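> What follows is a predicted protein model with its sequence.
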Amino acid sequence: MKNILLFLVLLGNILVQDKLPYDVTKLTTKKELNFYQTDKRGIKYKDVVYYVENDLNVITAYQQSGKVKWKVNFTEKFTSEVIGERKIRYINIDKDKLHVTYAKHDYFEIDLKTGKLFYWGSD
């Protein structure tokens, strides 16, 4: 009986580990997302998922296994005054960069490999 219980516990742990940390039904293979027009939350591009959390302030890059490659929290990284609501409005992948529109019109670029954030400015 103990062996069966141990087996079930181990099996449960394996199944939980296989669960991905994002909702696959909310992914697209298109290279851009406008969050005003969709309920999608992520882009799958070259075996990496770039996922915007439901609060629209955090972008996480997940490897195919579900392991976090990098994470950018805009609330923590960008503390300057903004015009408009503090949320990610639009993302677009262009070659090795992820372009982000945050708040009303603040523009950022994230390096897809490293997650390094660069602020372009606002209009």
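Good, I have the coordinates.
> Other residues contacting the stretch of helix or strand residue 61 belongs to?
Taking DSSP states H and E as the criterion, residue 61 maps to strand 58-63. For strand 58-63, contacts defined as CB atoms under 8 Å, 6 or more residues apart in numbering pick out 20-22, 47-53, 68-75, 88, 91, 98, 100, 110, 112, 115. Any C-beta I mention is one placed from the backbone N, CA and C, and that applies to glycine too.
> Stretch 80-89 now?
34-36, 52, 55-57, 59, 74-75, 100-106, 122.
> Now it: buried residues?
Neighbour-count burial for stretch 80-89 flags 82, 87-89 (criterion: 16 or more other CB atoms under 10 Å).
> Going toward the C-terminus from the helix or strand bottoming out on mean pLDDT in the chain, what's the next helix or strand?
Every helix and strand of the chain was ranked by mean pLDDT, DSSP states H and E. The lowest is helix 2-17, at a mean of 52. Counting by DSSP H and E, the next helix or strand C-terminal to helix 2-17 is strand 27-28.
> Mind listing the strands that next one pairs with, and their directions?
Strands adjacent to strand 27-28 in the sheet, as given by DSSP bridges, are strand 42-45 (parallel).
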